[in-house]
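In: Sequence below, structure please.
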Amino acid sequence: MPLVHIELVAGRSQEQLKQLVQDVTAAVVKNTGAPAEHVHIILNEMAKDRYAVGGVLKSDEQ
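Out: This next block holds a predicted model:
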């Protein structure tokens with residue numbers, strides 16, 4: 001049972017997330033031989049004010 005965790009800054013559409021999990025599932029199936037129904041994906045979306053790079057919150061970027 002492949003388990004994939006994906007951390008994202010919030011802001012993508014539902015359609016983008018659907019496409020992401022479809023593409024990731026296909027890649028896991030192709031490279032591991034696991035059946036698609038055994039591929040589990042967890043999407044964790046973070047608010048922009050809860051993620052920083054280089055000491056700057058994403059919510060403060062222009």
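
In: what separates K18 from V4, distance-wise?
Out: Here the criterion is Cβ to Cβ, to the nearest Å. By it, K18 lies 15 Å from V4. Where you see a C-beta, it was placed from the backbone N, CA and C, and this is true even at glycine.

In: So for those two, which residue has more residues nearby?
Out: Neighbour totals were compared for K18 and V4, and V4 leads with 14 against 11 (other Cβ atoms under 10 Å).

In: List the beta-bridge partners for that one.
Out: Beta-bridge partners for V4, by DSSP bridges, are I41.

In: mind listing what it touches?
Out: Going by Cβ atoms under 8 Å, 6 or more residues apart in numbering, V4 touches V24, V28, V39, H40, I41, I42.

In: Of the residues you listed, just the buried ones, PyMOL syntax please.
Out: Buried members of these, defined by 16 or more other Cβ atoms under 10 Å, are picked up in PyMOL with:
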select buried, resi 24+28+39+41
